[in-house]
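> Let me see the structure of the following:
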Amino acid sequence: MEGLKNLSTKWLATDAKGFGCEVFALTAAILNGTIGVLTRTAFDQGATSTSVAFWKCFGAFVLVSAYCVCRTEHRTHIVRLAPRWPHFACLAFLGIFCLYFFETKAFSQASIPLVSFLTYAAGGATVVLAGRYLGERLTRRKLVAFAAIVAGVGVMSFSESDVSGTASGIGLALAGGCGYALFIFFSKWFRAGAGLPQLVWLFGFGSAFLLLPLIQEGFTVPDGMQWVTLGALVLLPTIGGFYFTTRAVERGQASKVQIIETSDPLFATAFGFFLVGDGLTYAGAVGAACIAIGLLTAVWQQTKTAARA
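Coordinates of the predicted model:
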């Protein structure tokens, strides 16, 4: 056991110098790729979009808080973060409320392919802001990687039938995407750090924000198999996704994290194929290939940079 711990520590130390940002961002993208399949399952079980958004965030808050309370160092860290509550409230509003609430509302006024494309295309805001205010170089490879991934997402999205939407639906989708893009940017700007204590604050404020629309809709408690699906949503894309995203932002460039996480639809398609038998058209396969090329381009740039260092 001690040898395993030493090996893990050694890997993390090496990881921080080389592929830390890429590994964490890619892991977050993979975990976030489960959202579509799991959310669809929850809807089929009778849950509403508002209840799913609240309960997966609140469930994550309860689990992470319970774990942190049992560990002295985490309890102390949570208390030390208290003076920074305005930062975490801002991040929770952008990264949790805006993404969960606006994107979900957009699905009722625009087709799923259109909402998905606009949400990820809005991530370009992170790349621009990071170059302007964080001093991150807007290299040619970054532009090529992001363009290839967004093009791939667009091809995969618009290859589906019934692509339509109202002006308000388009606006809501862009608001959700911009919210998450700003979350990544401000996580770096605020130097929020990463870890379970930070997640306690994020999920706490996120739950408070998401409770308001749930009360307006009519407060409901999940039942039956909905709890199993929500449990998977809590552990994988919520706790896992946000943990690895914040780790990636802490270790690397915000723009690179955004570019890599834009590859989410590639993994969502894979999960849909293996778990629920969703097919992939020829155009969809071309789009997936574009995403893979963009992803490899983003990672390859860091490989060369690390080697030169």
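> okay, CA-based contacts and neighbour counts for the rest of this
OK.
> In the chain, where is pLDDT below threshold?
In the predicted model, the chain carries pLDDT under 70 at residues 1-19, 108, 111-113, 160-165, 277-280, 301-309.
> biggest helix in it, by residue count?
If you go by DSSP state H, the chain has its longest helix at helix 282-308.
> So which elements touch that helix?
The helices and strands touching helix 282-308, judged by 3 or more Cα pairs under 8 Å, 6 or more residues apart in numbering; DSSP states H and E, are helix 140-158, helix 254-261, helix 264-276.
> One more pass at 10 Å, please.
With contacts taken as 3 or more Cα pairs under 10 Å, 6 or more residues apart in numbering; DSSP states H and E, helix 282-308 sits against helix 20-32, helix 140-158, helix 254-261, helix 264-276.
> Distance from the third one to the middle of the chain?
The chain centroid and the centroid of helix 254-261 are separated by 11 Å, computed with Cα atoms, centre = their mean, to the nearest Å.
> quick one, what contacts the closest residue to Val23 other than its chain neighbours?
Distance criterion Cα to Cα, 6 or more residues apart in numbering; nearest residue to Val23, sequence neighbours excluded, is Ala248 at 7.8 Å. By Cα atoms under 10 Å, 6 or more residues apart in numbering, the contact list for Ala248 reads 16, 19-28, 184, 188, 193-194, 242, 254, 256-258.
> try 8 Å
With contacts defined as Cα atoms under 8 Å, 6 or more residues apart in numbering, Ala248 is in contact with Gly20, Cys21, Glu22, Val23, Phe24, Ala25, Val257.
> how close does it sit to Tyr67?
Note on Ala248: its distance to Tyr67, by Cα to Cα, to the nearest Å, is 22 Å.
> Same check on Leu199?
11 Å.
> What is the neighbour count of Trp227?
Neighbour count of Trp227, defined by other Cα atoms under 10 Å: 15.
> Contacts for the helix or strand hosting it, please.
According to DSSP states H and E, Trp227 maps onto helix 226-233. With contact meaning Cα under 8 Å, 6+ apart, helix 226-233 is reached by 34-35, 38-39, 41-42, 45-47, 52, 55-56, 59.
> Make a ChimeraX selection of whichever of the residues you listed turn out to be buried.
Of the contacts of helix 226-233, the buried ones go into a single ChimeraX selection, burial set by 16 or more other Cα atoms under 10 Å:
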select :34,35,38,39,41,42,47,52,55,56,59
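> Make a markdown table out of the contacts of helix 226-233 and add distance to Leu118.
As requested, the contacts of helix 226-233 are exported to a markdown table (distance: Cα to Cα, whole Å):
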| residue | distance to Leu118 |
| --- | --- |
| Thr34 | 19 |
| Ile35 | 17 |
| Leu38 | 21 |
| Thr39 | 19 |
| Thr41 | 23 |
| Ala42 | 24 |
| Gln45 | 27 |
| Gly46 | 27 |
| Ala47 | 25 |
| Val52 | 22 |
| Trp55 | 25 |
| Lys56 | 24 |
| Gly59 | 28 |
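> which one of the contacts of helix 226-233 is nearest Tyr120?
Taking Cα to Cα as the measure, Ile35 is the one of these closest to Tyr120, at 14.4 Å.
> what secondary structure does Gly135 sit in?
Secondary structure state of Gly135, per DSSP: H, G, I helix; E, B strand; the rest coil, is coil.
> Is the residue lying closest to Leu235 once chain neighbours are set aside inside a helix or a strand, and which specific one?
The shortest distance from Leu235 to any non-neighbouring residue, by Cα to Cα, 6+ apart, is to Ala60 (7.1 Å). In this assignment (DSSP H and E), Ala60 forms part of helix 49-69.
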